[in-house]
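>>> Just the structure for this:
(one chain, ligands or ions: 4)
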Amino acid sequence: MMVLKDILYKVAINAVVGSTLTEVYAVNFDSRKIAANDLFVAINGVTVDGHEFIDVAIKKGAKSIVCERIPEVLVDGVTYVEVDNSNKALAIIASNYYENPSENLKLVGVTGTNGKTTVASLLYQLFKNAGYKVGLLSTVKIMVDNVEYKATHTTPDSLTINKYLTEMSVAGVEFCFMEVSSHGIHQYRTEGLHFEGGIFTNLSHDHLDYHKTFAEYRDVKKKFFDELSSKSFALVNIDDKNGMVMLQNTKAKKYTYALKEYADYKAQILENQLTGLLLKVNDSEVWTRLIGNFNAYNVLAIFATAELLGLEKVEVLRLISDLQSVSGRFQYLISDTKITAIVDYAHTPDALKNVLETINSIRTKNEELITVVGCGGDRDKTKRPKMGHIASALSTKVIFTNDNPRTENAQDILNEIEDGVEPQNFKKVLTIADRKQAIKTACQMAQPNDIVLIAGKGHENYQEINGERFDFDDFKIVKELLVKLEK
Ligand SMILES: CC(=O)N[C@H]1[C@@H](OP(=O)(O)OP(=O)(O)OC[C@H]2O[C@@H](n3ccc(=O)[nH]c3=O)[C@H](O)[C@@H]2O)O[C@H](CO)[C@@H](O)[C@@H]1O[C@H](C)C(=O)N[C@@H](C)C(=O)N[C@H](CCC(=O)O)C(=O)O
Ligand SMILES: Nc1ncnc2c1ncn2[C@@H]1O[C@H](COP(=O)(O)OP(=O)(O)OP(=O)(O)O)[C@@H](O)[C@H]1O
Ligand SMILES: N[C@H](CCC[C@H](N)C(=O)O)C(=O)O
Ligand SMILES: [Mg+2]
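Ligands and ions are numbered 1, 2, ... in the order given. Coordinates of the predicted model:
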């Protein structure tokens, strides 16, 4: 329980009607979850306007309302607080309500189009192996040291973030690594958090349904670095031309990493195999089980972050060589019949291109690369032909199939993917809407030493069709099919 006035500390307020001495039992932004004496924050969302639910919230017992427009008809005994942006206010309220848990641990945010889950999860793993209590907020899962929770978002809402950070701080967690998505920044989910450091992996095409232009998408990411404090570090991939943009206005201490450009942290790929990478990181050699050029960037980011957080270089190198790959990120198995199946979360044109180029750099000419891929519904449509083009150009055979159609017509999505296929590649393409059937066909087509790539869903254990989630796990399915085919 807290007094409204204290919960509103540092919130930019335009107007108040009622008393700020009102007691607040809990904070919520969903009227359906309001209980007696709660504070309801009305948010003008993407689909509906939370202001329409102020009455419902009051009927359910809300005694304080934070909103962008004070309603014309007021209810006695209720305090109304007007702010410019409810999402932003909610984040500051969340920090106040949970007593600023981000200040009790070292919080590092990872942002960029690809590699956030990989970098954050591997940092969690590395610091755990170094003997620390660690937290993780990621697309795949949330970890409060050893306790696992289901993740619903890449970056949860600000109340949820602060709730988990509190749990972490109570559990004695010293370091927390979290993914910071562009939606998260744009909706102020990370506003007001104290970050010890920020990492920028790269920027390429994604979410242009939500952010409209690439410049807007880039500037949202940049805002995260603009808001870091002078005591924090900003670590950016300088081989990506947007790396410098991220550093432009930050007050944080600036560090760069790169494979190509001059940088504070440099890596060179000495060997690139299906079993791992041999890297030269600054002056030291290190072997990692992670596969593919892009993972050289991820490993370098991890090395730099661990050093910036105070770990010894020799120790960090040893820990890097012990890292296990992240579920659904280039996760592979080799069947008894010598077919290699790879499950990867590549769901953007850039990630798909990287994964295919990596496989092509490893496989020999007479081995086929059969790719099974689709695109999610209710998401950026412009990436569909691009992914169709890339998949068909860089594979020897490709089967287009459903990802998560969500509320869209699955066939329309497949048509849009096919639109990107160049005429000379038509002969490589099959379309099998049913994902399981598509994976099965790929496995049946594969000969010994061929590679089957199943891209787009990675760790996901469901397929969402018309708002309903069905059990579906690419890795489990391909594993079972390959075993069956062996018999
Ligand atoms: C498009 C988007 O980002 N939507 C997020 C947004 O919801 P919204 O704006 O649609 O909410 P809304 O339904 O319009 O409702 C507006 C407000 O009215 C309230 N409401 C609504 C109904 C009611 O009866 N009573 C009530 O009070 C709602 O609680 C809400 O506060 O705010 C919600 C609360 O924080 C999020 O859960 C929700 O994420 C949805 C589920 C989602 O799918 N988001 C994806 C796109 C996302 O955020 N992805 C990124 C990762 C992207 C990446 O790959 O990088 C992520 O960080 O997860
Ligand atoms: N540093 C990188 N650069 C380019 N591609 C990468 C990089 N790291 C991983 N990838 C590719 O992108 C895919 C997604 O990786 P990851 O899940 O780590 O990204 P993410 O940023 O967390 O994605 P999301 O936005 O969905 O949370 C991987 O499966 C791999 O194909
Ligand atoms: N975080 C991403 C994941 C996309 C994964 C892909 N399988 C899809 O469903 O589009 C998003 O929500 O856009
Ligand atoms: Mg992620």
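
>>> Look at the closest residue to V134 other than its chain neighbours and tell me its secondary structure.
Counting by C-beta to C-beta, 6 or more residues apart in numbering, F127 is the residue found nearest to V134 once chain neighbours are left out, at 4.5 Å. All C-beta spots, glycine's among them, are computed from the backbone N, C-alpha and C. Under DSSP: H, G, I helix; E, B strand; the rest coil, the three-state class of F127 is helix.

>>> Just confirm F127 contacts C176, I think it does.
No - if you go by C-beta atoms under 8 Å, F127 and C176 don't touch, sitting 9.5 Å apart.

>>> and these two? which has more neighbours close in?
Using other C-beta atoms under 10 Å, the more surrounded residue of F127 and C176 is C176, with 32 against 27.

>>> That one looks like it's in a strand, true?
Yes - with three-state DSSP as the criterion, C176 is assigned to a strand.

>>> in the stretch 151-300 of the chain, what residue is nearest ligand 2?
Using C-beta to the nearest ligand atom, the single residue of the stretch 151-300 of the chain nearest to ligand 2 is F294, 3.6 Å away.

>>> so who does G388 touch?
Contact analysis of G388 by C-beta atoms under 8 Å, 6 or more residues apart in numbering lists F400, E416, I417, E418, D419, G420, V421.

>>> Excluding sequence neighbours, find me the nearest residue to it.
G420 (3.4 Å).

>>> and that neighbour, what element?
Secondary structure from DSSP states H and E places G420 outside every helix and strand.

>>> That one and K381 touch, don't they?
No - assessed by C-beta under 8 Å, G420 is found out of contact with K381, at 11.6 Å.

>>> So for these two, which sits in the more crowded spot?
G420 (19 against 15).

>>> re the thing from before, quick one: secondary structure of the residue of the stretch 151-300 of the chain closest to ligand 2?
helix.

>>> I'd like the distance between it and ligand 3.
From F294 over to ligand 3 the distance is 17 Å, taken as C-beta to the nearest ligand atom, to the nearest Å.

>>> mind listing what that residue touches?
By C-beta under 8 Å, 6+ apart, the residues touching F294 are N114, G115, A351, N354, V355, T358.

>>> Please tell me the pLDDT value assigned to it.
pLDDT for F294: 91.

>>> Among the contacts of F294, name the ones in helices.
Among those, DSSP state H puts A351, N354, V355, T358 in helices.

>>> If any of these are buried, give me the PyMOL selection for them.
Filtering the ones in helices among the contacts of F294 down to the buried ones (16 or more other C-beta atoms under 10 Å) takes a single PyMOL command:
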select buried, resi 351+354+355+358
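
>>> ok, now which ones touch K251?
With C-beta under 8 Å, 6+ apart, K251 has these contacts: L228, S229, S230.

>>> how near is the first one to T201?
Remark: distance between L228 and T201 (C-beta to C-beta, to the nearest Å) = 16 Å.

>>> more neighbours, these two?
Between L228 and T201, T201 has the larger neighbour count (other C-beta under 10 Å), namely 23 against 20.

>>> how far away is the spatially closest residue to the more buried one that is not a sequence neighbour from A301?
Spatial nearest neighbour of T201, excluding adjacent residues (C-beta to C-beta, 6+ apart): G112 at 3.1 Å. G112 sits 9 Å away from A301, going by C-beta to C-beta.

>>> Find residues that contact each of the two.
Contact criterion C-beta under 8 Å, 6+ apart; residues shared by G112 and A301: I199, T201, N237.

>>> Among the residues you listed, which lie within strands?
I199, N237 (DSSP state E).

>>> got CSV for the shared contacts of G112 and A301, with distance to I439 too?
Below are those laid out as CSV (distance: C-beta to C-beta, whole Å):
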residue, distance to I439
I199, 34
T201, 29
N237, 33
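
>>> near ligand 2, which of the shared contacts of G112 and A301 show up?
Intersecting those with the surroundings of ligand 2, defined as C-beta under 6 Å from any ligand atom, gives T201.

>>> from the shared contacts of G112 and A301, which is closest to ligand 3?
Nearest to ligand 3 among these: T201, at 14.5 Å, using C-beta to the nearest ligand atom.

>>> Hmm, the closest one is touching A120, no?
No - counting by C-beta under 8 Å, T201 does not reach A120; the two are 10.0 Å apart.

>>> got any residues that touch both of the two?
Common contact partners of T201 and A120 (C-beta under 8 Å, 6+ apart): V110.

>>> Kindly present the ones in helices among the contacts of F294 as CSV, with separate columns for distance to ligand 4 and pLDDT.
Formatted as CSV, the ones in helices among the contacts of F294 follow (distance: C-beta to the ion, whole Å; pLDDT from 0 to 100):
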residue, distance to ligand 4, pLDDT
A351, 11, 92
N354, 15, 93
V355, 15, 95
T358, 19, 92
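
>>> Tell me the spacing between L4 and L39.
For L4 relative to L39 (C-beta to C-beta), the value is 7 Å.

>>> Of the two, which one has the most company?
A direct count of neighbours by other C-beta under 10 Å for L4 and L39 places L39 higher, at 28 against 21.

>>> ok, the more buried one touching V27?
Yes - L39 is in contact with V27 according to C-beta under 8 Å; the separation is 4.8 Å.

>>> list residues touching both of these two?
Residues touching both L39 and V27 (C-beta under 8 Å, 6+ apart): I7, I93.

>>> ok so, going back, list residues touching both of L4 and L39?
Contacts common to L4 and L39, judged by C-beta under 8 Å, 6+ apart, are V24, S64.

>>> if we can go back for a sec, any chance of the shared contacts of G112 and A301 in a markdown table, with distance to Y80 and pLDDT too?
Shown next, in a markdown table, are the shared contacts of G112 and A301 (distance: C-beta to C-beta, whole Å; pLDDT from 0 to 100):
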| residue | distance to Y80 | pLDDT |
| --- | --- | --- |
| I199 | 40 | 98 |
| T201 | 42 | 97 |
| N237 | 46 | 98 |
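
>>> which one of the shared contacts of G112 and A301 sits closest to ligand 1?
T201 (11.4 Å).

>>> What separation do you get for that closest one and C67?
36 Å.

>>> can I assume V314 sits in a strand?
No - V314: not assigned to a strand; according to three-state DSSP it is helix.

>>> any idea how far ligand 3 is from it?
V314 is 36 Å from ligand 3, by C-beta to the nearest ligand atom.

>>> what do you get for F53?
Distance, F53 to ligand 3, by C-beta to the nearest ligand atom: 25 Å.

>>> Secondary structure element for V56, which one?
With DSSP H and E as criterion, V56 is part of helix 54-59.

>>> got the buried residues for that helix?
Those would be I54, A57, I58, for helix 54-59 by 16+ other C-beta under 10 Å.

>>> ok, now stretch 430-439?
I432, R435, K436, A438, I439.

>>> Pop out the phi and psi values for R406.
In this entry, R406 is assigned phi and psi values of phi 50, psi -130 (degrees, to the nearest 10).
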